[in-house]
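>>> Next one to model:
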Amino acid sequence: MTDTAVPILMYHSVATAPNDATRALSVAPEAFAEQMALIGDLGLTPVTTAGLAARWRSGRPLPARPVLITFDDGYEGVHRHALPVLAKHGFPATLFVSTGWIRGAYGTGGGLDTMLDWRQVRDLAAAGVEIGGHSHTHPQLDQLDDAALRTELTRCTEIVADELGARPASFAYPYGYSDRRVREAVRAGGYAQALAVGNSLARRRQGPYALRRVTVRRSTGVEEFERLLHGRSVARAFARDRALTKGYALVRRARQVRRKAIRSRV
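Here you go, the predicted structure:
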């Protein structure tokens, strides 16, 4: 079986006037429409996260030139701006919700900009958008103790199941951070697959709980976007991101060691 490389696009906010907290990772509605049109023009086949993972798990062949369109957190613009464009093209997508950021009974007030409410999440699900988990309050999961980690995963799963009538099958790590303990907890929590970031194309050999994505930003022009779809110059485009990620990984591991040492002395 060939290990086909698949672009998994990671979006956040789709907004005309994003706030400062979300601006860099937002995409203008016009740019999003242009990007989706390009996907159609190039003959790519959008699939959901669960759909891709199921084919890789079973060994069934992938559709022609697959691509994943994913959104993190749950910003209101996904319903207002992205959904009509997805519907126009008949594209499926996956939305990963931080349940405590969604407006409604479970809200914690932590959302960085205007967030979806649960009626809008249900609208998205009814339109063919897969709804996945993204924790409850969007913490760095690898920095939590075991009990807090389980709470974040369980709370998210239960709320999505209560609101939509089905447990989420796919998960995305907040900030892209995970380690073996977090991945095992996600699996034990009933998720069949999970997405990281990594800023490279996804491949089957990465395993179902560490599939990589490429970040789409407000600064991503249409030519760069096309290169990402083809997997060209991805390493160069995200070289700085990877260097920062590696550096911060060392910081996070040092913090974990300190916390374990402190707990062992208590």
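
>>> got the contact list for residue 70?
Applying CB atoms under 8 Å, 6 or more residues apart in numbering, one finds that residue 70 lies in contact with 8, 9, 10, 11, 49, 93, 94, 95, 96, 172, 195, 213. (Glycine included, C-beta is placed from N, CA and C.)

>>> next one: phi and psi at it?
When read as degrees, to the nearest 10, the backbone of residue 70 gives phi -120, psi 150.

>>> can you check residue 12 too?
phi -120, psi -100.

>>> Can you tell me, leaving aside adjacent residues, what's nearest to it?
Nearest non-adjacent residue to residue 12, counting by CB to CB, 6 or more residues apart in numbering: residue 25, 4.2 Å away.

>>> low-confidence ranges in the stretch 1-150 of the chain?
Counting by pLDDT under 70, the ranges of the stretch 1-150 of the chain that qualify are 1-2.

>>> likewise the stretch 151-266 of the chain?
Using pLDDT under 70, the stretch 151-266 of the chain drops low at 233-266.

>>> quick one: the strands in it?
For the stretch 151-266 of the chain, applying DSSP state E, counting those that start in this stretch gives strands covering 170-172, 193-198, 211-215.

>>> The contacts of residue 70 in helices, which ones?
Among the contacts of residue 70, the members falling in helices (DSSP state H) are residue 49.

>>> I'd like the strands of the stretch 151-266 of the chain written out as a markdown table, with mean neighbour count and distance to residue 121 added.
Below are the strands of the stretch 151-266 of the chain laid out as a markdown table (neighbours: other CB atoms under 10 Å; distance: least, CB to CB, whole Å):
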| stretch | mean neighbour count | distance to residue 121 |
| --- | --- | --- |
| strand 170-172 | 29 | 15 |
| strand 193-198 | 24 | 18 |
| strand 211-215 | 23 | 21 |
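
>>> Make TSV from these and add distance to residue 36 to it.
Below are those laid out as TSV (distance: least, CB to CB, whole Å):
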stretch	distance to residue 36
strand 170-172	20
strand 193-198	20
strand 211-215	16
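
>>> Let me know which of the ones you listed is the nearest to residue 58.
With CB to CB, the closest approach to residue 58 among the strands of the stretch 151-266 of the chain belongs to strand 193-198: 12.7 Å.

>>> Outside of the closest one itself, which residues are in contact with it?
For strand 193-198, the surrounding residues in contact (CB under 8 Å, 6+ apart) are 8, 10, 49-50, 53, 70, 96, 169-173, 175-176, 178, 183, 186, 208-213, 215, 245.

>>> Return the member of the contacts of residue 70 nearest to residue 18.
residue 11 (12.2 Å).

>>> And residue 150, how far from residue 96?
Distance, residue 150 to residue 96, by CB to CB, to the nearest Å: 19 Å.

>>> typed the wrong thing, it's residue 169
Separation of residue 169 from residue 96 (CB to CB): 12 Å.

>>> just residue 157 next, same as before
Distance from residue 157 to residue 96, by CB to CB: 12 Å.

>>> Determine the residues that are contacts of both of the two.
Here residue 157 and residue 96 have residue 133 as joint contacts, going by CB under 8 Å, 6+ apart.
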